[in-house]
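A.B. asks: Give me the fold of what follows.
(chains A and B)
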Amino acid sequence: MSSKVRQEGASSDVEMGEPTSHQPEAEDTSMMDQDDEENEEAEDEYEEEEEPQRVKLLPGSTATAASFQFLDEGHTLGNALRYVIMKNPDVEFCAYAIPHPSEAKMNVRIQTFEGTTAIEALEKGLKDLQDLCDVVTEKWVAESEAFKASA
Amino acid sequence: MDYDPMVMDEAESLGPVVKISQADNVRVKFELSNADISFANSLRRVMLAEIPIIAIDLVEIEENSSVLADEFIAHRLGLIPLNAEGAESLLYSRDCDCDNYCENCSVKLVLHAKCTGGENMSISARDLVPAGDRMNQTLGTPVIRDEDGLGPLILKLRPGQEIKLECIAKKGIAKEHAKWAPSAAIGFEYDPHNKLHHIDYWYESDPKTEWPPSEYVDWEEPPAEGEPFDYDAVPNRFYYNVETSGPLPPDGIVTEGIKVIQQKLAGLIHELTEGEGGGYDGPRSPEYGGGGGGGGGDGGYAGYSTSYGGNGGNQSSWGGAGGTTPYGQTPYGGGGSSWS
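C.D. replies: Sure, this is the predicted structure:
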């Protein structure tokens, strides 16, 4: 599995479905088949693109120091995620910001020490937060059952 | 730097604790402790604004000879709490395959009343009748909590007046419109003794009277006389008071709230890990180069590109639940088990 964070405005040329015009129109058939296959793949990718991409890597990011932009997220996710990512010992710095209150965008900056990447740290943060939610759910269910039993 | 953010005090390493102090069919009061304020606040925010329930969203008025304007009645109808148990299996209307609405993404309710007697007639939520197919037999039924079994008053009719309309209830969240709020109010409180000195920067005349003792003062030790201010103190115990507006039971709001956070996270993790070659294998270097150029950091980036290539192997280990990842040493270690 590889990660899929695309850089803002950088990759559309790579992902486009149409064959580029400088490709020769007529080639031998084996070559054509290959082209067709590529087209299909590219089309699938294109359909995927229709879905708005909710996380993107902001320009200027490097492997260990990256800024991410989340669409349609706010303080609800931002602050908790920031806290959990900062708990990761391989993370040097993590902060979040909502650049403008009338845009539903949330930026997260992650800087890691050598040996891991910002994207890995982000992913680990999301998973750790999920684990935390699991534990709270578990505790909640146990407590509410105990409460019902005692009442 | 001496400060190590990873050092957890003993209480925190025990993991979060939940304690319910009061619960009935309207509210649940509970304490969440050994959690960070950021998580506690996420839970509060999500219970307030992001739990999907159903509410009337479309109203087709066939006959309205009452004194109230159509749009006024439509607004009132929207605010009527409808039972939302089972709403998770309902689709959002925007995601449904149907053209407009159907039983997979909506519940239809009809209201037809005419005042034929000699006195004014009150039309209340009880008179809204679910019609057509439904996911289950309670989804979309108006919530009625009063002793008379009438529910909220919608409008009144004078003799001879008539109201006939059809409502379409759809799924939504309170972030879009408050009619989709499952909670009437969520009390959220911490630090009842104000040990964190929340009003040191500004108060009118007396901080003691302006931070009155709450019902939770007995739950925590009051500060000792002359106790110095603890600069490292962080809030650790959070008191919630979740009151439902009717669509979901109060404990359902809490479980649904956590579920919404989980879904948010799952969606983002899915997006980060889905698909091959999205930008991290072959094509990533041109992308990165472009980005570096945009940020004016080309030179800096070149240094990273090698170590970056070396990390390629690690990336596959994301899928493998991370047994051998460098994260192995985290105090909260393998998965989340040590939180518990």
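A.B. asks: how much space between B:Arg158 and A:Leu58?
C.D. replies: As judged by CB to CB, to the nearest Å, B:Arg158 and A:Leu58 stand 62 Å apart. Every C-beta, even on glycine, is put in place using the N, C-alpha and C of the backbone.
A.B. asks: These two: who's more crowded?
C.D. replies: It is A:Leu58, of B:Arg158 and A:Leu58, that has more neighbours when counted by other CB atoms under 10 Å in any protein chain shown, with 17 against 12.
A.B. asks: how many neighbours does the residue lying closest to that one once chain neighbours are set aside have?
C.D. replies: Distance criterion CB to CB, 6 or more residues apart in numbering or on different chains; nearest residue to A:Leu58, sequence neighbours excluded, is A:Ser67 at 4.1 Å. Counted with other CB under 10 Å, the neighbours of A:Ser67 add up to 19.
A.B. asks: In three-state terms, how would A:Ser67 be classified?
C.D. replies: Classification of A:Ser67 using DSSP: H, G, I helix; E, B strand; the rest coil returns strand.
A.B. asks: quick one, what contacts it?
C.D. replies: Residues near A:Ser67 by CB atoms under 8 Å, 6 or more residues apart in numbering or on different chains: A:57-58, A:60-61, A:107-110.
A.B. asks: With B:Ala113 instead?
C.D. replies: Contacts of B:Ala113 (CB under 8 Å, 6+ apart): B:121, B:123, B:127, B:157, B:162-164.
A.B. asks: Could you identify the most distant pair in the residues you listed?
C.D. replies: With CB to CB as the measure, no two of the contacts of B:Ala113 lie farther apart than B:Met121 and B:Lys164, at 13.9 Å.
A.B. asks: So for these two, which sits in the more crowded spot?
C.D. replies: B:Met121 (18 against 15).
A.B. asks: picking that back up, considering the contacts of A:Ser67, which possesses the most neighbours?
C.D. replies: Counting neighbours by other CB under 10 Å, the top entry in these is A:Ile110, with 28 neighbours.
A.B. asks: Spatially nearest residue to that one, not counting backbone neighbours?
C.D. replies: Nearest to A:Ile110 is A:Ala118, by CB to CB, 6+ apart, at 4.1 Å.
A.B. asks: Surely the one you found touches A:Thr64?
C.D. replies: Yes. Proximity of A:Ala118 to A:Thr64 meets the contact threshold set by CB atoms under 8 Å, at 6.0 Å.
A.B. asks: more neighbours, these two?
C.D. replies: Higher neighbour count among A:Ala118 and A:Thr64: A:Ala118, with 27 against 24, using other CB under 10 Å.
A.B. asks: Would you state the helices of the stretch 201-340 of chain B in chain order?
C.D. replies: For the stretch 201-340 of chain B, applying DSSP state H, counting those that start in this stretch gives helices covering B:207-210, B:250-273, B:284-295, B:298-310, B:312-316.
A.B. asks: Then chain A?
C.D. replies: Here chain A has its helices, by DSSP state H, at A:12-15, A:29-50, A:75-87, A:118-150.
A.B. asks: What average pLDDT does the first one get?
C.D. replies: Helix A:12-15 carries an average pLDDT of 41.
A.B. asks: The third one now?
C.D. replies: Averaging pLDDT along helix A:75-87 gives 95.
A.B. asks: Let me see the contact set for the spatially most central residue of chain B.
C.D. replies: The C-alpha lying nearest the average C-alpha coordinate of chain B belongs to B:Val46 (CA atoms, centre = their mean; 2.1 Å). Contacts for B:Val46 were tallied using CB under 8 Å, 6+ apart; they are A:76, B:257-258, B:260-261.
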